[in-house]
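Q: curious how this folds, go ahead:
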Amino acid sequence: MEMLLPLHIKFPDVEKLVEMATFFNNRCRAPQCVGAIDGSHIPILAPQNYPKDYYNRKGWHSVVLQAVVDGRGKFWDVYVGDPGSVHDARVLKQSNLWVAISDGVLLGQNKMTISGCDVGPHHLIGDPAYPMQRWLLKPFSDTGRLTNEQHTYNYRLSSARSVVEMAFGRLKGRWRCLLKRNDCELELSKIMTVTCCVLHNICEEHSDNFTEDCHELVYDQPPLHPFPDNGRQEGADVRSALMDYFNMGDH
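A: Numbering: from 1, shown residues only. Predicted coordinates:
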């Protein structure tokens, strides 16, 4: 696995980012997006040390698998091991991904003007659990007072973000050990999870045709706790530009 991991799950270079953004836009009509991020809970046997930390909101012990996928549903970043009680936003901030791209440099080599706004760096899309950044966009919080334009933006973002949910579905459909409680020691459970992610990418690279209903294969996830939207958010201008873009008609 140590040899296969860097070959099949790796951070894209500048040329690859442009290719990924083009594919994502052609497939999901989401310009400048290079990936969708989400977390998934992997069931485990309660560890001897700090078992309460691993007890998630749904009532079972787990570790969090954070993953970023491209438009094809291949993982290009995975981080696994934080206890199941940890919020997705905190998992992100403790991961190497946050350290690598939070300064905007690695994703910031190519910009595009959209609705009069410089949209750059490239960005990821996530669900409401994540904090807004210029490189990480999420839906508007549904307070019951969203405008039609905001609803359209949320719908388009959700449609694009579905690639990560489907990837998790195929991952767990192929390796059902991730769907049931893993009774191995904690460190081995983490290694097994990353190994399954590597094997998933190998299957995707070889066009393995996984045909089961992926939505039904996503494990019963703990309920989502949105990251609070307090004041003006970083990336609000980018989100506003994309909202205008999405509401200009078919692209």
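Q: and R156, helix, strand or coil?
A: Classification of R156 using DSSP: H, G, I helix; E, B strand; the rest coil returns helix.
Q: how about it: what's its closest non-neighbour residue?
A: Closest residue to R156 apart from its sequence neighbours, by Cβ to Cβ, 6 or more residues apart in numbering: F246 at 4.7 Å. C-beta coordinates here come from the backbone N, C-alpha and C atoms, glycine included.
Q: equivalent analysis for M20, please.
A: Going by Cβ to Cβ, 6+ apart, M20 has V34 as its nearest residue, at 4.5 Å.
Q: ok, back up a step: how close does the residue nearest to R156 get to S141?
A: Relative to S141, F246 is positioned 17 Å away (Cβ to Cβ, to the nearest Å).
Q: sorry, back to before: which ones are touching the residue nearest to M20?
A: Under the criterion of Cβ atoms under 8 Å, 6 or more residues apart in numbering, the neighbours of V34 are 12, 17, 20-21, 24, 70, 107, 122-124.
Q: one more: G108?
A: Residues near G108 by Cβ under 8 Å, 6+ apart: 120-122, 135.
Q: format those as TSV; extra columns: distance to G235, pLDDT and neighbour count.
A: Formatted as TSV, those follow (distance: Cβ to Cβ, whole Å; pLDDT from 0 to 100; neighbours: other Cβ atoms under 10 Å):
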residue	distance to G235	pLDDT	neighbour count
G120	11	71	19
P121	10	77	21
H122	13	91	27
W135	8	92	22
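Q: export the residues you listed as CSV, with columns for secondary structure.
A: As requested, these are arranged in CSV below (three-state DSSP):
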residue, secondary structure
G120, coil
P121, coil
H122, coil
W135, coil
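Q: between these, which is closest to H87?
A: W135 (19.5 Å; Cβ to Cβ).
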